[in-house]
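*Asks:* 3D, please:
(chains A and B)
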Amino acid sequence: AQSVTQLGSHVSVSEGALVLLRCNYSSSVPPYLFWYVQYPNQGLQLLLKYTSAATLVKGINGFEAEFKKSETSFHLTKPSAHMSDAAEYFCAVKDQAGTALIFGKGTTLSVSS
Amino acid sequence: KAGVTQTPRYLIKTRGQQVTLSCSPISGHRSVSWYQQTPGQGLQFLFEYFSETQRNKGNFPGRFSGRQFSNSRSEMNVSTLELGDSALYLCASYRTGNTDTQYFGPGTRLTVL
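*Replies:* Numbers count the residues shown, from 1 in each chain, chains lettered A, B, ... in the order given. This next block holds a predicted model:
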């Protein structure tokens, strides 16, 4: 069965600092991986996706993620945090049996000035 | 282009009642998926519909059901509500053949008292 594990339920950074949110996956087939962001009282917004093309994926709002097969990781990074980045972030893998997304538990990002 | 809309946004019910939630996908999208989000279990896949047919179902009891209409709008129903059904219910829509880009609605917050 496929799964994703997000390391750290809460990450705090200062404005302008590097953002690093960690995600490790488990999959017996090449995975399709995603990062979503959720702002309070809102739905999920797709940040970026990996679908077996380039291993370095660039997304919206300056975020990017690198697929590392040897480490079974798909960590999300942003060089310089902004106050507006404060939200909950979810890593997900597409279920090989269909189109369902299997989500991690989420990481709440706090940004302080 | 209008996004995914879900109605109602908030709902309060009592144990034993039933509830129906509605989701209108983005125009042109014929596939709809439903997810339940709770603090304890996180985001979990409920079911997926395409062209009025259920294509995939998650591991939820039979009290949870859904359907899709010819205009692609979808409803989900929960019968005999339990306290544990309190959750944010999210709907996602996507184009046929582009399952890697799912657009989520803002969700319906269901509270069961």
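
*Asks:* so how far is stretch A:99-113 off the chain centroid?
*Replies:* 7 Å (CA atoms, centre = their mean, to the nearest Å).

*Asks:* Just the mean pLDDT for it, thanks.
*Replies:* Averaging pLDDT along stretch A:99-113 yields 95.

*Asks:* again with stretch B:18-25
*Replies:* For stretch B:18-25, mean pLDDT is 98.

*Asks:* Is chain A within reach of it?
*Replies:* No. Stretch B:18-25 lies out of reach of chain A by CB under 8 Å from any CB of the partner chain, never closer than 10.8 Å. Yep, even glycine has a C-beta here, placed from its N, CA and C like the rest.

*Asks:* Kindly export that stretch (C-alpha atoms) in CSV.
*Replies:* Provided in CSV are the C-alpha atoms of stretch B:18-25 (Å, rounded to 0.1, in the frame of the first residue of the first chain):
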residue,chain,number,x,y,z
GLN,B,18,-29.1,12.4,8.0
VAL,B,19,-27.5,15.0,5.9
THR,B,20,-26.9,15.8,2.3
LEU,B,21,-24.0,17.8,1.0
SER,B,22,-23.7,19.3,-2.5
CYS,B,23,-20.8,19.9,-4.8
SER,B,24,-20.8,21.7,-8.2
PRO,B,25,-17.6,21.0,-10.2
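
*Asks:* Show me what B:L88 bridges to in the sheet.
*Replies:* B:Q37, B:R109 (DSSP bridges).

*Asks:* That one: what's it in contact with?
*Replies:* B:Q36, B:Q37, B:T38, B:G107, B:T108, B:R109, B:L110 (CB atoms under 8 Å, 6 or more residues apart in numbering or on different chains).

*Asks:* Can you select the buried ones from those residues in ChimeraX?
*Replies:* The ChimeraX command for the buried members of the contacts of B:L88 (criterion: 16 or more other CB atoms under 10 Å in any protein chain shown) is given here:
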select /B:36,37,107,108,109,110
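
*Asks:* between the contacts of B:L88, which is nearest B:V19?
*Replies:* Nearest to B:V19 among the contacts of B:L88, counting by CB to CB, is B:L110 at 6.4 Å.

*Asks:* Skipping adjacent residues, who's closest to the closest one in space?
*Replies:* The shortest distance from B:L110 to any residue other than its chain neighbours is 5.0 Å, reached at B:L11 (CB to CB, 6 or more residues apart in numbering or on different chains).

*Asks:* Regarding that neighbour, which helix or strand does it belong to?
*Replies:* In the assignment (DSSP states H and E), B:L11 maps to strand B:10-13.

*Asks:* helices or strands next to the helix or strand following that strand in the packing?
*Replies:* Where DSSP H and E defines the elements, the next helix or strand beyond strand B:10-13 is strand B:19-24. Under the contact criterion of 3 or more CB pairs under 8 Å, 6 or more residues apart in numbering or on different chains; DSSP states H and E, strand B:19-24 touches strand B:5-7, strand B:10-13, strand B:74-78, strand B:87-94, strand B:108-112.

*Asks:* What's the separation between A:T51 and chain B?
*Replies:* Distance check for A:T51 against chain B: by CB to the nearest CB, to the nearest Å, it reads 6 Å.
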